[in-house]
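1. No letters, just coordinates:
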Ligand SMILES: [Zn+2]
Ligand SMILES: [Zn+2]
């Protein structure tokens, strides 16, 4: 029997954050592509687009007019997925299998910069820090509103992710519930903290001296070295890896590794600067991978609100759909929708390709 | 405070099969669409395509030649995601967070019909029964192979689901593990059977006289009537509903409701005929919804293998991405990837639209 080779033999990896497995089929990476290709988003965008509802001074479809902002610009979403409190009381369920839970909250839009054509990958570090400071401000404000239990910051970038407007922006949905995925991750972190006793690990400890799965995981990944393994970028405070259990071909998990940090509001000055640097390094490499404005969804997971439990370890997920070129996307369909996540390229192969790219943006 | 109205007020619904919530934002269904549109798949397909690797007598990319089949045709996938036993033994994990589990198994392709242009929605009932009989044959054969723990039957239909070839076909992946999603569903069914004591429900009982969540759920949905509620199609043995917890806009759960049936191999003659009828009714309505060859992923969940536990209740999931026309798809991105599934249209609204459609295919 042949020795196990992770670049040849089908295997499964376990995701300890979500408690799900992923099926890895590395031998299949060479099969011919016969699927749909995507049209490319132009890299030749104007600095200002009179038809863009996010450019300074323009009118949005709801009729409101944007300020002539000079840095970041935040406003409530004109088509919010949730509405302010109070939510009506739910009716009695006609059957236990048909329960309804009313939800309230608020949805904010955060424009990253007045320039229509500058994504995170092309912003200066001080401009990225301004975005981080706005995230902290919205997180702080929303999480103090009555009944808010989770503040979900995310960015959808690229038409391939259903986002029509190339003007760089993100969203923040603040809800009266902890959503499914963050709740599942928090439960995993809590279980790890409860069950993992003293180890010889030199990783930082979590809150109250307990073990933190993500402090430990970052420590382990850095231990493999930054020129091999799964690390893509690393600076004084942050490390970005293609996680062992990555679902998306070029998925990245970005997190602080020097100390246990539960939320963006806990970041100190130089940790914020290093955060901006890590965001810049990752998004530049993404764009350079296929010389395009690389599409992704990004989300920040952290302590649910200001006053929440410190078991959370601040981290960002980048989930990009592109597979082997700027026009070939991975579909989550069939086996994946019905059974289990699946990938061909191994996380180590993906990390190696991302690491090899220039830190200078291809558009200069 | 206003009374709760499920077509106006944001709320969450719980999916008892997956233990996940879905956020419903019905007030948002009217927001303007500014996203990407998809190119349409032609409905004008030839009966035979010399370039199709699934048409009778043609050569596949692996070099093998298809038989000149007259009904269904099954063969092993030339680019299988898993390989036959024995799998190599996994190395010792360098850290508990980096565990590897080797997987083995086999992947089959099942061509539904020699005609290049006839999807399930346009096959005769006897031809659909032939597909069902092939599913049963593959399920029976694969689940008796050494080490196979789950046989996942599924179909990817449409370029929008990453499936390039319009020739009607499905796949079967048989694995040495129970994949994440079926495993989670089986655990939910087992918990329900354990915890739910005698009720006044007139739903059929599960195995060993225990309660079955899906017997009960089908019974409850039929109780709302077949001209309202969430039922889309119903015949003597099968019911198809847009489930209370549907994620995809026009998602359908199809299951037998007259008795607890664990696997397709347990279907009796007239149950199989009714299964063919239900598959035909659903796929015809899907095509009629936007007058197109409607894209979807479909998967069969059942008893893992022939000799598995009867706690399973046979059911099919249809997950179609189309949202409001043949060219506008729903993207699972941003909030959905990072936090929780979300939908705008309510399941009741979706069921009502599907119910209202003709049972005759728009192409005649
Ligand atoms: Zn997370
Ligand atoms: Zn299921």
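-> Structure received. Everything numeric in this text was worked out from a predicted model, so none of it was measured. Ligands and ions are numbered 1, 2, ... in the order given.
2. How many residues are close by the closest residue to chain B within the stretch 101-250 of chain A?
-> Proximity of the stretch 101-250 of chain A to chain B (Cβ to the nearest Cβ) peaks at residue A:162, 3.2 Å away. For glycine as for every other residue, the C-beta is placed from the backbone atoms N, C-alpha and C. Around residue A:162 sit 21 other residues, with neighbours defined as other Cβ atoms under 10 Å in any protein chain shown.
3. surely it meets residue B:328?
-> No - counting by Cβ atoms under 8 Å, residue A:162 does not reach residue B:328; the two are 9.9 Å apart.
4. just how off-centre is stretch A:146-164 within its chain?
-> Here stretch A:146-164 shows a centroid-to-chain-centroid distance of 10 Å under the convention Cα atoms, centre = their mean, to the nearest Å.
5. Same check on stretch A:343-350?
-> Here stretch A:343-350 is found 19 Å from its chain centre; the criterion is Cα atoms, centre = their mean.
6. How confident is the prediction for the residue of the stretch 101-250 of chain A closest to chain B, by pLDDT?
-> With respect to pLDDT, residue A:162 scores 76.
7. repeat for residue A:306
-> 88.
8. Tally up the residues packed near it, please.
-> 16.
9. So it versus chain B, what's the distance?
-> 18 Å (Cβ to the nearest Cβ, to the nearest Å).
10. Was I right to think that residue contacts residue A:141?
-> No - in terms of Cβ under 8 Å, residue A:306 does not count as a neighbour of residue A:141; the distance is 9.7 Å.
11. on that earlier part again, which residue is the nearest non-sequential neighbour of the residue of the stretch 101-250 of chain A closest to chain B?
-> residue B:331 (3.2 Å; Cβ to Cβ, 6 or more residues apart in numbering or on different chains).
12. What of residue A:203?
-> Spatial nearest neighbour of residue A:203, excluding adjacent residues (Cβ to Cβ, 6+ apart): residue A:219 at 3.5 Å.
13. ok, now which ones touch that neighbour?
-> In this structure, residue A:219 makes contact with A:201-204, A:257, judged by Cβ atoms under 8 Å, 6 or more residues apart in numbering or on different chains.
14. Check the spacing between the residue lying closest to residue A:196 once chain neighbours are set aside and residue A:57 real quick.
-> Ranked by Cβ to Cβ, 6+ apart and with sequence neighbours excluded, the top spatial neighbour of residue A:196 is residue A:211, at 4.0 Å. Separation of residue A:211 from residue A:57 (Cβ to Cβ, to the nearest Å): 52 Å.
15. Which one's more surrounded, these two?
-> In this view residue A:211 and residue A:57 are compared by other Cβ under 10 Å, and residue A:211 has more residues nearby, 21 against 12.
16. beta partners for the residue in chain A that ligand 1 sits nearest to?
-> Nearest residue of chain A to ligand 1 (Cβ to the ion) works out as residue A:301 at 3.4 Å. Here residue A:301 sits in beta bridges with residue A:315, as judged by DSSP bridges.
17. what ranges do the strands span in the stretch 201-350 of chain A?
-> Applying DSSP state E, counting those that start in this stretch to the stretch 201-350 of chain A gives strands spanning A:231-234, A:238-241, A:252-256, A:296-301, A:315-319, A:322-325, A:328-329, A:341-343.
18. For the fourth one, enumerate the helices and strands it packs against.
-> Put plainly, it is strand A:296-301. With contacts defined as 3 or more Cβ pairs under 8 Å, 6 or more residues apart in numbering or on different chains; DSSP states H and E, strand A:296-301 has these neighbours: strand A:150-157, strand A:315-319, helix B:335-338.
19. can you check the last one too?
-> Packing contacts for strand A:341-343, counted by 3+ Cβ pairs under 8 Å, 6+ apart, involve strand A:20-24.
20. Get me the contact residues on chain A for ligand 1.
-> Applying Cβ under 5 Å from the ion, one finds that chain A approaches ligand 1 through A:185, A:301.
21. Select the helix or strand of chain A having the lowest average pLDDT value.
-> Ranked by mean pLDDT, DSSP states H and E, the weakest helix or strand in chain A is strand A:328-329, scoring a mean of 83.
22. Who does that strand pair with, and is each partner parallel or antiparallel?
-> Paired strands of strand A:328-329, with direction, are strand A:322-325 (antiparallel) (DSSP bridges).
23. My guess is residue A:54 contacts residue A:66. True?
-> Yes - look at residue A:54 against residue A:66 with Cβ under 8 Å: they come within range, at 7.0 Å.
24. overlap in contacts of these two?
-> Shared contacts of residue A:54 and residue A:66, counting by Cβ under 8 Å, 6+ apart, come down to A:73, A:111.
25. okay, the two: which has more neighbours?
-> The residue with more neighbours, out of residue A:54 and residue A:66 and counting by other Cβ under 10 Å, is residue A:54; that gives 21 against 18.
26. Let me see the contact set for the residue lying closest to that one once chain neighbours are set aside.
-> Counting by Cβ to Cβ, 6+ apart, residue A:167 is the residue found nearest to residue A:54 once chain neighbours are left out, at 4.0 Å. If you count contacts by Cβ under 8 Å, 6+ apart, residue A:167 has them with A:49, A:52, A:54-55, A:111, A:116.
27. from those, which would you call buried?
-> Burial of the contacts of residue A:167 was assessed by neighbour count (16 or more other Cβ atoms under 10 Å in any protein chain shown); the buried members are A:49, A:52, A:54-55, A:111, A:116.
28. Widest-spaced pair of these?
-> A:49 and A:111 (12.8 Å; Cβ to Cβ).
29. how many neighbours does the residue nearest to residue A:162 have?
-> Neighbour number of residue B:331 under other Cβ under 10 Å is 19.
30. The closest residue to residue A:19 other than its chain neighbours: what's it in contact with?
-> Once its chain neighbours are removed from consideration, residue A:19 has its nearest residue in residue A:188; the separation is 6.3 Å (Cβ to Cβ, 6+ apart). Contact analysis of residue A:188 by Cβ under 8 Å, 6+ apart lists A:16-19, A:213.
31. count of residues packed around the residue of the stretch 151-300 of chain A found nearest chain B?
-> Closest approach between the stretch 151-300 of chain A and chain B, counting by Cβ to the nearest Cβ: residue A:299, at 2.8 Å. When neighbours are counted by other Cβ under 10 Å, residue A:299 registers 24.
32. Any regions of the stretch 51-200 of chain A where pLDDT drops low?
-> Along the stretch 51-200 of chain A, the parts satisfying pLDDT under 70 run over A:198-200.
33. residue boundaries of the strands in it?
-> For the stretch 51-200 of chain A, strands defined by DSSP E, counting those that start in this stretch occupy the ranges A:73-76, A:100-102, A:105-111, A:150-157, A:169-175.
34. As a markdown table, those strands with distance to residue B:351 would be great.
-> A markdown table is the format used below for these (distance: least, Cβ to Cβ, whole Å):
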| stretch | distance to residue B:351 |
| --- | --- |
| strand A:73-76 | 32 |
| strand A:100-102 | 17 |
| strand A:105-111 | 27 |
| strand A:150-157 | 29 |
| strand A:169-175 | 26 |
